[in-house]
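next input, structure requested:
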Amino acid sequence: MSWFSVILIIMEKILARLFTLYAAILFILTFLFFLPLFFFSAQKEKWHKFALRINYIWARIYFPLVFLKVKFDIRFDLIKNQQYILCANHFSYLDIPAIARIPIYTKFIGKSSIASVPLFGYMFRKIHIPVNRSNSKSRGRSILQARKALDMGYGLSFFPEGGIKTKNPPQMTPFHDGAFKLAIEKQIPIIPVVFHDNHKIQPDKPEFNISPGKMRIVLHSPILPATQDEAEIRRLKKKVFDIIQADLNSNQDFI
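Okay, the predicted model is just below:
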């Protein structure tokens, strides 16, 4: 390898670190700007819908500031005030703020470790639903919280793989049952969500770099559970998995 190639690699790494620092600083500053509204709306559960709207506004502001262009392909007509359960592939930590950018306000079921992040963790604990999947009590508690949220009219967002599990994106790992059990129990439609590019913009690597880019997000038509029996969990889970995986495999661009 020539010296010129070595210098180029070093420069690329420096620029990547600088941009990642810029994105992190803006994340903190924009979050702090909205913090009073988050804090106020987090105090009562009936006010959480306002918090979810603020979260969406934050995402609308933040992504352009860090040169992330969001492109949606929504394959159905959104119904106002309709409850949905979103199920998305999960290859990058960028998927978490990307959920907030979707124009459907949902409570997010995510790893309990997020709750330890200063300030942001407080909002997550109060408004969303933390779960430690290695702890049966935590899993049970999160299901109870999710049922309560649905009963209060909130939608939910899941990463049904249970975290960033795959070593070979865009190939997903098998889904857990939780989202599908709730959809069947409450008869709420599931929307398969595809994040095409997040793992390229912010790969799941120790360097934790982020780069500018295009975030393509596909929202497939809602799927309403047909029955309420045990077999429907398997059928629904497979159908949602197959829709998302086929879309990831096709990787078609869209305007």
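
which residues in the stretch 101-250 of the chain form strands?
106-111, 129-131, 155-158, 190-195, 213-219 (DSSP state E, counting those that start in this stretch).

between the first one and strand 190-195, how big is the angle?
Calculated by axes from the mean of the first three to the mean of the last three Cα atoms, to 10 degrees, strand 106-111 forms an angle of 70 degrees with strand 190-195.

helices or strands up against strand 106-111?
helix 48-65, helix 95-101, helix 120-127, strand 129-131, helix 136-151, strand 155-158 (3 or more Cβ pairs under 8 Å, 6 or more residues apart in numbering; DSSP states H and E). Where you see a C-beta, it was placed from the backbone N, CA and C, and this is true even at glycine.

what of the last one?
When contacts are defined as 3+ Cβ pairs under 8 Å, 6+ apart, strand 213-219 sits against strand 68-74, helix 95-101, strand 190-195, helix 198-201.

next one: the fourth one
Taking 3+ Cβ pairs under 8 Å, 6+ apart as the contact definition, the neighbouring helices and strands of strand 190-195 are strand 85-88, helix 178-186, strand 213-219, helix 230-250.

what's it in contact with?
84-92, 94-95, 98, 102, 104, 179-180, 183, 215-223, 225, 236, 240, 243-244, 247-248 (Cβ atoms under 8 Å, 6 or more residues apart in numbering).

before we move on, the earlier item: in CSV: the helices and strands packed on strand 106-111, plus distance to Lys205, mean pLDDT and mean neighbour count.
Output for the helices and strands packed on strand 106-111, formatted as CSV (distance: least, Cβ to Cβ, whole Å; pLDDT from 0 to 100; neighbours: other Cβ atoms under 10 Å):
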stretch, distance to Lys205, mean pLDDT, mean neighbour count
helix 48-65, 21, 97, 17
helix 95-101, 15, 96, 20
helix 120-127, 22, 90, 18
strand 129-131, 25, 94, 21
helix 136-151, 28, 93, 15
strand 155-158, 24, 98, 25
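
of all the ones you listed, which one is nearest Ile188?
helix 136-151 (6.5 Å; Cβ to Cβ).

avg pLDDT for stretch 31-38?
Model confidence over stretch 31-38 averages 95 on the pLDDT scale.

with only the CA atoms kept, save that stretch in CSV.
Taking Å, rounded to 0.1, in the frame of the first residue of the first chain, the C-alpha atoms of stretch 31-38 are listed here in CSV:
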residue,chain,number,x,y,z
PHE,A,31,-32.6,17.2,22.7
LEU,A,32,-31.8,19.8,25.4
PHE,A,33,-33.8,22.4,23.5
PHE,A,34,-36.9,20.2,23.7
LEU,A,35,-36.1,18.8,27.2
PRO,A,36,-38.6,21.1,29.1
LEU,A,37,-41.4,19.9,26.9
PHE,A,38,-40.4,16.3,27.2
